[in-house]
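Engineer: Quick one, fold the following:
(2 chains)
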Protein chains: 2
Amino acid sequence: MKKALVLLSGGLDSTTVLAIAKNLGYEIYALSFSYGQRHKIELEAAKNIAEKFVVKEHKIANIDLRLFGQSALTADIAVPKNAINLDKIPVTYVPARNTIFLSFALAYAETVGSFDIFIGVNAVDYSNYPDCRSEFILAFEKLANLATAAGDKNEGNFKIHAPLIKMSKKEIIETGLKLGVDYSLTHSCYDPIIINNKAKPCGKCDSCILRLQGFAEGNLQDPLMHQ
Amino acid sequence: MKKALVLLSGGLDSTTVLAIAKNLGYEIYALSFSYGQRHKIELEAAKNIAEKFVVKEHKIANIDLRLFGQSALTADIAVPKNAINLDKIPVTYVPARNTIFLSFALAYAETVGSFDIFIGVNAVDYSNYPDCRSEFILAFEKLANLATAAGDKNEGNFKIHAPLIKMSKKEIIETGLKLGVDYSLTHSCYDPIIINNKAKPCGKCDSCILRLQGFAEGNLQDPLMHQ
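Structural biologist: A predicted model of the protein is given here:
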């Protein structure tokens, strides 16, 4: 059984990617990060999703990106509300985040003997982050094969799978629903409101807006917004 | 003043690189890792060296690579002794380590506005690690410019400096000595013997052998071996 390494944040995109990899018949190794993000709720979501999809293994790497700060997701900077602007990189950008995430995924993949790394980046309905584009993914794939003993010995060819990269949010959601994803388990909001230990999405950050638009365009209801 | 990001392990190579960057007139931001290595002595060495070279800032990132295991440096696997073999990748190889280290360096560099990242990789007197070769360094440099907001906005061009890559260990040591490096502060051994809270190099692991050979070829004495 081929093994896949899936980067799982607990959000809508990475959960859909997990469903896609599972549907392709891979045995799943999921990797999440405790990176100093404002809310650990997404890690709880990731755990629940990993369990639901019966992954082979789910690891959570502790890496404190607050060490460098500078992002609204890791430092004391306000998350912008109702301010989506697809021509600019927003303050929620975390320097080199996907490079760091993919580097860890590569280490994990090499350790378990997987050559297939799945990541939920998207370059259509996204926040204009540079590390979500095809050129970045291709550059990392090239690097992966030069960086590792497994690549060096030609034991396999690392492939970075980014199945959502050209999909709209609507298409992502429709794909996930076909594969049985329960989106009520996912968490997307950058700045949730916590009520009785439950996270309610703010509905106003870029991530909420893109998610809401996706459901609306598909004439679907977001189960998270109607709980 | 131009800023340089220097990966500093506390070993002979990275300390020489720090001296080179300092000599080129850069303001230094040093980055070390607590990654689950067997001995924290190298972090103590890194701190002392950073202090000696009056760096602008020295950060230590906590990333536990024991999560993935598989290497003699991060798992319960014996460090090979008197067994250097430059045709094989040894068990001290840590999957994707330099990719992870450079990813963090990139995040740190972008945060402080540096475009110059220095790393002490060497492809002559080295342990045959794939992530020490020029092709790897060039691939990471390409990635860095695609991965970041700073690269995307053309605020600068990230350059990965690997000034030791084609030097022999002897040349590295001679370069460092000319620049005033005190090699008694550095630590290279993979498996030191701890006596009275002091680390004595084993003299038999690959790292010790390469270091000893370098000093011997230059008709020099390693201050660490004669303390």
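
Engineer: Next, work out how far apart the residue in chain A sticking out farthest from the centre and chain B are.
Structural biologist: Within chain A, the residue lying farthest from the chain centre (Cα atoms, centre = their mean) is A:Lys153, at 29.9 Å. Separation of A:Lys153 from chain B (Cβ to the nearest Cβ, to the nearest Å) stands at 8 Å. The way it works is simple: take the backbone N, C-alpha and C, and place the C-beta from them, glycine included.

Engineer: just A:Glu155 next, same as before
Structural biologist: 11 Å.

Engineer: biggest helix in chain A by residues?
Structural biologist: Counting by DSSP state H, the longest helix found in chain A is helix A:97-112.

Engineer: and stretch A:90-98, which residues are buried?
Structural biologist: A:Pro90, A:Val91, A:Thr92, A:Tyr93, A:Val94, A:Pro95, A:Ala96, A:Arg97, A:Asn98 (16 or more other Cβ atoms under 10 Å in any protein chain shown).

Engineer: My guess is the last one contacts B:Leu143. True?
Structural biologist: In other words, A:Asn98. No - contact status for A:Asn98 versus B:Leu143: not in contact, 10.3 Å apart, counting by Cβ atoms under 8 Å.

Engineer: partner strands of the strand ranked longest in chain A, parallel or antiparallel?
Structural biologist: As assigned by DSSP state E, the longest strand anywhere in chain A is strand A:27-34. In the sheet containing strand A:27-34, its partner strands are strand A:3-7 (parallel), strand A:57-62 (parallel), by DSSP bridges.

Engineer: what's it in contact with?
Structural biologist: A:1-10, A:18, A:21-22, A:40, A:43, A:46-47, A:50, A:53, A:55-63, A:101, A:104-105, A:108-109, A:112, A:114 (Cβ atoms under 8 Å, 6 or more residues apart in numbering or on different chains).

Engineer: if we can go back for a sec, residues touching the residue farthest from the centre of chain A, list them.
Structural biologist: Applying Cβ under 8 Å, 6+ apart, the residues contacting A:Lys153 are B:Ile89.

Engineer: okay, now A:Asp64: neighbour count?
Structural biologist: 14 (other Cβ atoms under 10 Å in any protein chain shown).

Engineer: CSV for the strands paired with strand A:27-34, including mean neighbour count and mean pLDDT?
Structural biologist: Formatted as CSV, the strands paired with strand A:27-34 follow (neighbours: other Cβ atoms under 10 Å in any protein chain shown; pLDDT from 0 to 100):
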stretch, mean neighbour count, mean pLDDT
strand A:3-7, 26, 98
strand A:57-62, 16, 95
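
Engineer: check which helix or strand covers A:Leu210.
Structural biologist: A:Leu210 belongs to helix A:206-217 when assigned by DSSP states H and E.

Engineer: Would you agree A:Ile119 is in contact with A:Thr99?
Structural biologist: No - here A:Ile119 does not reach A:Thr99: they are 11.2 Å apart, not a contact under Cβ under 8 Å.

Engineer: give me the low-pLDDT residue ranges for chain A?
Structural biologist: Across chain A, the ranges flagged by pLDDT under 70 are A:86, A:226-227.

Engineer: same thing but at 80, please
Structural biologist: Counting by pLDDT under 80, chain A has low-confidence residues at A:37-40, A:69-77, A:82-88, A:125-127, A:154, A:197-198, A:225-227.

Engineer: returning to that earlier point: can you list residues touching both of A:Asn98 and B:Leu143?
Structural biologist: In contact with both A:Asn98 and B:Leu143: A:Phe136, using Cβ under 8 Å, 6+ apart.

Engineer: Contacts only, for the closest residue in space to A:Ala107 that isn't next to it in sequence.
Structural biologist: In space, and not counting its chain neighbours, A:Ala107 is closest to B:Ala96: 3.8 Å by Cβ to Cβ, 6 or more residues apart in numbering or on different chains. By Cβ under 8 Å, 6+ apart, the contact set of B:Ala96 is A:Ser103, A:Phe104, A:Leu106, A:Ala107, A:Glu110, A:Ala147, A:Thr148, B:Asp131.

Engineer: which residue ranges form the helices in chain A?
Structural biologist: A:12-23, A:41-52, A:97-112, A:134-147, A:149-152, A:169-178, A:206-217.

Engineer: gap between the second one and the chain center?
Structural biologist: Spelled out, that is helix A:41-52. 12 Å (Cα atoms, centre = their mean, to the nearest Å).

Engineer: So it, near chain B or not?
Structural biologist: No - using Cβ under 8 Å from any Cβ of the partner chain, helix A:41-52 never reaches chain B; the gap is at least 14.7 Å.

Engineer: the inter-axis angle of that helix versus strand A:27-34?
Structural biologist: Counting by axes from the mean of the first three to the mean of the last three Cα atoms, to 10 degrees, helix A:41-52 lies at 170 degrees to strand A:27-34.

Engineer: List the buried residues in helix A:41-52.
Structural biologist: In helix A:41-52, the ones that count as buried by 16+ other Cβ under 10 Å are A:Ile41, A:Glu42, A:Leu43, A:Ala45, A:Ala46, A:Lys47, A:Asn48, A:Ile49, A:Ala50.

Engineer: Dump those into TSV; add distance to A:Glu171 as well.
Structural biologist: Below are the buried residues of helix A:41-52 laid out as TSV (distance: Cβ to Cβ, whole Å):
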residue	distance to A:Glu171
A:Ile41	26
A:Glu42	23
A:Leu43	27
A:Ala45	22
A:Ala46	23
A:Lys47	27
A:Asn48	24
A:Ile49	20
A:Ala50	24
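
Engineer: out of these, who's nearest A:Ile209?
Structural biologist: A:Glu42 (17.5 Å; Cβ to Cβ).

Engineer: Identify the spatial nearest neighbour of the closest one, chain neighbours not counted.
Structural biologist: Of all residues not flanking A:Glu42 in the chain, A:Gly10 sits nearest, at 4.1 Å (Cβ to Cβ, 6+ apart).

Engineer: separation between A:Gln213 and A:His58?
Structural biologist: 30 Å (Cβ to Cβ, to the nearest Å).

Engineer: Same check on A:Gly214?
Structural biologist: 26 Å.

Engineer: ok, now A:Asp125?
Structural biologist: Note on A:Asp125: its distance to A:His58, by Cβ to Cβ, is 27 Å.

Engineer: for A:Leu106, same thing?
Structural biologist: Distance from A:Leu106 to A:His58, by Cβ to Cβ: 17 Å.

Engineer: Could you count how many residues lie near the residue nearest to A:Thr92 when sequence neighbours are not counted?
Structural biologist: Take A:Thr92 and drop its neighbours on the chain: the residue closest to it by Cβ to Cβ, 6+ apart is A:Ala72, 4.8 Å away. Look at A:Ala72: counted by other Cβ under 10 Å, it has 19 neighbours.

Engineer: contacting residues around A:Ala72?
Structural biologist: A:Ala78, A:Val79, A:Pro80, A:Pro90, A:Val91, A:Thr92, A:Tyr190.

Engineer: May I ask you to confirm that A:Phe104 is in contact with B:Ile100?
Structural biologist: Yes - counting by Cβ under 8 Å, B:Ile100 is a contact partner of A:Phe104 at 6.4 Å.

Engineer: Which residue is the nearest non-sequential neighbour of A:Gln221?
Structural biologist: Nearest non-adjacent residue to A:Gln221 (Cβ to Cβ, 6+ apart): A:Phe215, at 6.4 Å.
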